[in-house]
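Chemist: just need the structure, nothing else, for what follows:
(chains A and B)
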Amino acid sequence: MIYHTLLFSLAVIAAIWAVMARNLLTSAIMLALVSVCASLLLFNFNAPWAAVFELSVCAGLITVLFISGVSLIRASTSTTAEKMTYLKVLPLALGIFGIAAWFYLPPFFAELAGWKYTAAEAGPIGKVLWELRRPDLLGQIAMLAAGVFVIKSVFPKRRTVK
Amino acid sequence: MNFFAFDWYFIALLLFIGFYAMLASSSIIRQLIGLEIVSKGVMLAVISAGALTNNLQLAQAIVITMIVIEVVVVAAGLALLVKNHRLSGLADIWKLNGLKG
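Modeler: Now for the predicted structure:
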């Protein structure tokens, strides 16, 4: 329980840091830390497959994408000219929200958790993924193809001008 | 206090941070980072609900789908950012209309 709460607190702190950091590279790295915390939490929830995906894809691939994106636009002045005033208010806003939510949300969530219907055991993850959720896999493949097409259409092949 | 209620309180904080980043910032990268934080919160909520209802395998299958979609969304967003930066030298969400064909 203490380990769980510590991980959640670390994720929240890293998320605040990711949003408030002036340097976008720091933001990307802090986002990776949020992913690592989420992944450890998933391991703690006894969901190892989701945790492995989260660790390899979100903490790995997405961080690489972000860092390459940031370094491609690094020379730009527009990112530094961004207004940081609103972002600096984040801890205050989060504090107000956190204190207000502390009185209302946990009782509501406890009531919500009381309405649960315990499901029948669905079998191992392989059976669920390949048999029960097979249309999802089709959707995933379509989504990946859509991503490739988006990037292909955003960066078309340069034509040589005569 | 209920264990899950406590978890979901932290998830609500994560969602607040993500939505705040998306509302307050005009940088495309920070918008995407806010989106990522929101999706982390949602992912944890799905897994937590799966653990509550003894349906963790199905929750994991859904989370795996969600991770794939997340990667595609981030890649498409960053591609738009780089294209916009090449055309107009800006990374501002309000200046995306420079991409108008």
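
Chemist: mind listing what residue 21 touches?
Modeler: Let's take chain A. Taking CB atoms under 8 Å, 6 or more residues apart in numbering or on different chains, we find A:Ala21 in contact with A:27, A:30. The way it works is simple: take the backbone N, C-alpha and C, and place the C-beta from them, glycine included.

Chemist: not what I meant, chain B
Modeler: B:Ala21 touches A:19, A:87, A:90, B:30-31, B:33-34, B:37, counting by CB under 8 Å, 6+ apart.

Chemist: residue ranges with poor pLDDT in chain B?
Modeler: Along chain B, segments meeting pLDDT under 70 span B:1, B:101.

Chemist: quick one, helices of it?
Modeler: With DSSP state H applied, chain B shows helices at B:3-24, B:28-52, B:56-88, listed in chain order.

Chemist: what helices and strands are in contact with the longest helix anywhere in chain A?
Modeler: When chain A is parsed with DSSP H, its longest helix is helix A:90-114. In terms of contacts (3 or more CB pairs under 8 Å, 6 or more residues apart in numbering or on different chains; DSSP states H and E), helix A:90-114 is packed against helix A:2-20, helix B:3-24.

Chemist: do you know how far A:Gly114 is from A:Asp136?
Modeler: 30 Å (CB to CB, to the nearest Å).

Chemist: can you give me the angle the longest helix of chain A makes with helix A:2-20?
Modeler: Between helix A:90-114 and helix A:2-20, the angle comes out at 140 degrees (axes from the mean of the first three to the mean of the last three CA atoms, to 10 degrees).

Chemist: show me what helix A:90-114 is in contact with.
Modeler: A:16, A:19-20, B:1-2, B:4-6, B:8-9, B:12-13, B:16-17, B:20-21, B:24, B:52.

Chemist: swap the cut-off to 7 Å and go again
Modeler: Contacts with helix A:90-114, where a contact means CB atoms under 7 Å, 6 or more residues apart in numbering or on different chains, come from A:16, A:19-20, B:1-2, B:4-6, B:8-9, B:12-13, B:16-17, B:20, B:52.

Chemist: got the buried residues for the helix or strand just after that helix?
Modeler: Downstream of helix A:90-114, the next assigned helix or strand under DSSP states H and E is helix A:125-127. Using 16 or more other CB atoms under 10 Å in any protein chain shown as the test for burial, helix A:125-127 gives A:Ile125.

Chemist: now for helix A:125-127, which elements pack on it?
Modeler: When contacts are defined as 3 or more CB pairs under 7 Å, 6 or more residues apart in numbering or on different chains; DSSP states H and E, helix A:125-127 packs onto helix B:56-88.

Chemist: show me which positions of the helix it packs on end up buried.
Modeler: Going by neighbour count (16+ other CB under 10 Å), the buried part of helix B:56-88 is B:56-85, B:88.

Chemist: just the element for the spatially most central residue of chain A, please.
Modeler: Centroid check for chain A by CA atoms, centre = their mean gives A:Ser35 as the closest residue, at 6.2 Å. Using DSSP H and E, A:Ser35 falls within helix A:24-44.
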